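1. show me how the following folds:
(2 chains)
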Number of protein chains: 2
Amino acid sequence: MSTSTALLTDHYELTMLDSALRDGTAHRPCTFEVFTRRLPNGRRYGVAGGIGRVLDAIENFTFGEEELAQLAEHDVVGESTLAWLRDYRFQGQIDGYPEGELFFPGSPLLTVRGTFAEAVVLETLVLSILNHDSAIAAAAARMVSAANGRRIIEMGSRRTHEESAVSAARIAYLAGFTGTSNLEAGRRYGIPTTGTAAHAFTLLHDSEREAFESQVASLGTGTTLLVDTYDITRGIELAVEVAGPELGAVRIDSGDVGVLARQAREQLDALGALNTRIVVSGDLDEYAIAALRAEPVDGYGVGTSLVTGSGAPTAEMVYKLVEVEGRPVAKRSSHKESRGGRKAAVRRYKETGTAVEEVVFQVAPGASEPVLGPHDRFLQIPLIRDGKRVADLPTLEDNRQRLRHALVTLPWEGLTLSKGEPAIPTVFHTA
Amino acid sequence: MSTSTALLTDHYELTMLDSALRDGTAHRPCTFEVFTRRLPNGRRYGVAGGIGRVLDAIENFTFGEEELAQLAEHDVVGESTLAWLRDYRFQGQIDGYPEGELFFPGSPLLTVRGTFAEAVVLETLVLSILNHDSAIAAAAARMVSAANGRRIIEMGSRRTHEESAVSAARIAYLAGFTGTSNLEAGRRYGIPTTGTAAHAFTLLHDSEREAFESQVASLGTGTTLLVDTYDITRGIELAVEVAGPELGAVRIDSGDVGVLARQAREQLDALGALNTRIVVSGDLDEYAIAALRAEPVDGYGVGTSLVTGSGAPTAEMVYKLVEVEGRPVAKRSSHKESRGGRKAAVRRYKETGTAVEEVVFQVAPGASEPVLGPHDRFLQIPLIRDGKRVADLPTLEDNRQRLRHALVTLPWEGLTLSKGEPAIPTVFHTA
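-> The predicted structure is shown next:
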């Protein structure tokens, strides 16, 4: 099986390349910019996700014999373009927001510089990764924020494409989830995986007691017993009977989990299982998690809403040509206008550390940069130089910390779950 | 890189396996059933999608050295379970609805029979595939139905995970889309791919005319020119000037596409380009497509809404243990109850060919099957026997026809886009 990512691409990227190679414009130096025109569903912030995967995917963006044969057989491009693709390696420059950085409408999330030819062919793949991963990242960050320090586990693999599931698990961890149920994410990204048993395990056995005994025998008394297959009260009683008051946790997966958690806590305390935790799952999203703040819940399992971006399954990012041979370019028809020219961004902060605004400015000979205040900082970092990944890029753990710190800097409205304006405004700096 | 699909699995499937192997229940013959409790968003029908991919994934569901090392290193299961996994091949039976078949709440979409051990480990992967692909299938079928015979192209790759994109393209074709922009879907599934140019191509050139000339020189006058980079009226004029009245099509990607299509048709006709088609794209969903029925539009390009399931990105299917050693089992707590026992289904039709109801019945020694009327038919087909894929399963093309025909059999309300009850009721047959 080929590990090339090159065909994860729209047909038209290659027909454009083919025409541009024929007419000679393909080698013009260009800048493409990834940004979003708005945040979906009245969200207050976006979270950059997928940058690390973009860099991996670009490394594997090469046309081997299998890929070339497919393009030739279906007449996607001509002979000379095939020859050009055979030698293709991205040789340009990429700067971008690191993973875990917040972004807002108009933030220049990724800036790709190179010839038209080498940069245009990356469009589809770059957007696929960023649109998926950043959509999950925003939803995940809201959930972690609503969980307010309680443990939260990602368990949505079954509700999304099997490969999206692996990426979603990685992003959930970036956003502060404790771990995931997804074993492949554990292998590929070194994320902690976790899990105990489903209702099927109880149903398989002749009695709930036998199922609990079997699980405790193999996973120890610190395990989490799923107590709602039959009657929850009886299930909890049995769980403590079998595992003793040292039982790690009980999980409740259905019903009004708030009410049930309260009853469970009283029952566990009465049984002397004072340290047995209560984990709830079943159709939770950030609103349900927030609503459970006052309840004696110790941990959440989140599935569907995480992997589907909780109502916003894509981040609506676009990859736009903004500069050709140093000259700004932009589409001019109708409402979908964009701002030409290569751009970068600064985030301004108050002395207290609270973010104030996102300043986006032109990067061009002669253009003025905004003057930095003592707490302000540039947001893009170099990611690829002359086709090579920059050394010592921040790790997944670094970026996990980055997001945690970034959320603390938002004005308080920025952390509300309700719809509204972005937490800070984006200001386009002009000279 | 390993081609194994075995770790695309929730951690708890393996801890359950481990406990069940220790206590001896792992070898009990079991039946698991995939079904959905409801159709999302008041949809009238579901469309089975992903069955073919499930069969491929099960063939690759094997634990090689890499997978075993990962499980050993992280203590997911013990030594004897690792040994069992090393030899694992699914040896059981699978029956299911073929791809392209309609389904309704409670339809037994897939029935997996085998030992608990061999069937439980498939849960996560089977659900990932069916939940994603069937969500896309339902959205795609509604769009094709709204397009009412006009051409419709899938171009949403950039809005979803790069691997979901490939699967979504396949499903769009199953549902009647003409083709896709996704080159990998072309390679992997032999689906027609298509594409010409984006706004970037026009912006790259010194003038719109030069861009059009270049594209026509390389793709011929039959190509589709994107006319809305600057001024649409001027763009259309220029397109016909450059390509002549034999120009294949113009594409409009922004603005009020209905109004613009009408203006474009008048202008094209006046320029003598009577056969030049008009293709529209840009945030279309099934409702927008339906609203354009009266406009002179010849084809649609659909992106975001297709790949995100148009508001329902997952099909909400579950994989439930329904039978252990011939005995029906079911969860009993709270509202998430399910019906125990292995089941199959028949669809009943009027003499006119209109579907009337979905009859779900128990399959068990002594249980009565519903009596078939002359037009009624069984819905499940055998997919895997003793671990081997059944020979001569229907092809993607067969299943494309199947869906086309199935939609025609729905009562007329079944094809409305508005929310409501399922097109036909599901009836649980009892002896």
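
2. list the buried ones in the helix or strand residue A:407 falls within?
-> Element membership for residue A:407 (DSSP states H and E) is helix A:396-408. Of the residues in helix A:396-408, those with enough neighbours to count as buried (16 or more other CB atoms under 10 Å in any protein chain shown) are A:396, A:399-400, A:402-403, A:406-407. Heads up, the C-betas are built off the backbone N, CA and C, glycines and all.

3. ok, residues contacting the next helix-or-strand element following it?
-> The C-terminal neighbour of helix A:396-408 among helices and strands, as given by DSSP H and E, is strand A:426-429. Residues outside strand A:426-429 that contact it (CB atoms under 8 Å, 6 or more residues apart in numbering or on different chains) are A:104-107, A:339, A:357-362, A:368, A:370.

4. from the residues you listed, which land in helices?
-> Using DSSP state H to define helices, no part of the contacts of strand A:426-429 is located there.

5. now which of these would you call buried?
-> With neighbours counted by 16+ other CB under 10 Å, the contacts of strand A:426-429 contain buried members at A:104-107, A:339, A:358-362, A:370.

6. now do the helix or strand where residue A:263 lies: which elements does it pack against?
-> In the assignment (DSSP H and E), residue A:263 maps to helix A:257-270. Secondary-structure packing of helix A:257-270 (3 or more CB pairs under 8 Å, 6 or more residues apart in numbering or on different chains; DSSP states H and E): helix A:232-243, strand A:249-252, strand A:277-280.

7. what angle do the longest one and helix A:257-270 make?
-> To tie it back to what came earlier, the one meant is helix A:232-243. On the basis of axes from the mean of the first three to the mean of the last three CA atoms, to 10 degrees, helix A:232-243 is oriented at 40 degrees to helix A:257-270.

8. buried ones in helix A:232-243?
-> Within helix A:232-243, the residues scored as buried using 16+ other CB under 10 Å are A:232, A:235-236, A:238-240, A:242-243.

9. hmm, who's touching it?
-> For helix A:232-243, contacts defined as CB under 8 Å, 6+ apart pick out A:208-209, A:212-213, A:216, A:221, A:223, A:225, A:227-229, A:247, A:250, A:252, A:255, A:260, A:263-264, A:267-268, A:271-273, A:276, B:333.

10. same list, the buried ones among the contacts of strand A:426-429, but as CSV with pLDDT please.
-> Below are the buried ones among the contacts of strand A:426-429 laid out as CSV (pLDDT from 0 to 100):
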residue, pLDDT
A:104, 98
A:105, 98
A:106, 97
A:107, 98
A:339, 84
A:358, 98
A:359, 97
A:360, 97
A:361, 96
A:362, 94
A:370, 90
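
11. just the ones of those in strands?
-> Counting by DSSP state E, those place A:358-362 in strands.

12. show me the shaky parts of chain A.
-> A:1, A:333-338, A:431 (pLDDT under 70).

13. for it, longest helix please?
-> helix A:123-147.

14. that one and chain B, are they touching?
-> Yes: Helix A:123-147 is in contact with chain B by CB under 8 Å from any CB of the partner chain, via A:123-125, A:127-129, A:131-132.

15. pop out the phi and psi values for residue A:382.
-> Reported as degrees, to the nearest 10, the phi and psi values for residue A:382 are phi -70, psi 130.

16. ok, now the one 3 residues further on?
-> Backbone torsions of residue A:385, given as degrees, to the nearest 10, read phi -130, psi 120.

17. could you work out the end-to-end span of stretch A:35-47 for me?
-> 12 Å (CA to CA, to the nearest Å).
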